[in-house]
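>>> got a predicted structure here, sequence first:
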Amino acid sequence: MVVEVPVKGYFEENCFFYIDDETRHGFIIDPGAQADGLLGLIRKNGWTIEKILLTHGHFDHMGAVDEIGNYLNIPVLAHRRSDEYLLDARKNLSALCGPAIIVKGVRHLDDGDIISLNGKPDFSLKVIYAPGHTTDSVVFYSHKDHVAFVGDTIFKGSIGNYQYPGGNLEDIQRSIIDKIFTLPDETVLCSGHSEQTTVGTEKRRYRY
């Protein structure tokens, strides 16, 4: 089950829950703000969240990480290069928009890693390194459920901004073409700032 929850701090951003229907265990992806509301939703639905996953280190995707992680006593997972952003309030853009946000102590991920539920290894997400929006951007992909959590690498009808620190047009284009567009056409793309779309739809209109 995929549950999309728009949250709003300085910007509105899509937070996602990826939940196993059978066990009610799962992951929260990019909790950018409104920790109280997200925790209330977890309690209301009886979910057990095992890990916080970050597609990249911009503040609008991780503003609620510390509060949720501390309350639930769960780890935060992000790409190996994420500390470049999570530990630098200017690079993660929080210093430009309000109070500085710093996230410490994350567990590092590498391209190709598999993130699984405790006790249920077949409920999992594959880490796909996809730089371009940032140097630490990743996609979390489920072959089983045909869904990919793409952060800000690609949106419905457009690509992510590549003009922030660490961004690069050539890299983001390569990530989209070589990493995202090689997934099955029916794969649903869940992004941080647009409606959901599919790989097939975006491939057909790709003119960026």
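Happy to help now that I have it.
>>> give me the low-pLDDT residue ranges for the protein?
For the chain, applying pLDDT under 70 flags the ranges 207-208.
>>> grab the longest helix from it for me.
With secondary structure taken from DSSP state H, the chain has its longest helix at helix 35-45.
>>> buried residues in the helix or strand just after it?
Of the helices and strands lying after helix 35-45 in sequence (DSSP states H and E), the nearest is strand 48-53. Residues 49, 50, 51, 52, 53 are the ones in strand 48-53 that count as buried (16 or more other C-beta atoms under 10 Å). Backbone N, C-alpha and C define where each C-beta goes, glycine included.
>>> quick one, what contacts the spatially most central residue of the chain?
The centroid of the chain falls nearest to residue 55 when counting by C-alpha atoms, centre = their mean (3.2 Å). By C-beta atoms under 8 Å, 6 or more residues apart in numbering, the contact list for residue 55 reads 29-30, 61, 137-140, 149-153, 192.
>>> quick one on the thing from earlier: next, the angle from the longest helix of the chain to strand 48-53.
Put simply, helix 35-45 runs at 140 degrees to strand 48-53, going by axes from the mean of the first three to the mean of the last three C-alpha atoms, to 10 degrees.
>>> ok now stretch 133-144, how far from the chain's centre?
Relative to its chain's centre, stretch 133-144 lies at 7 Å (C-alpha atoms, centre = their mean, to the nearest Å).
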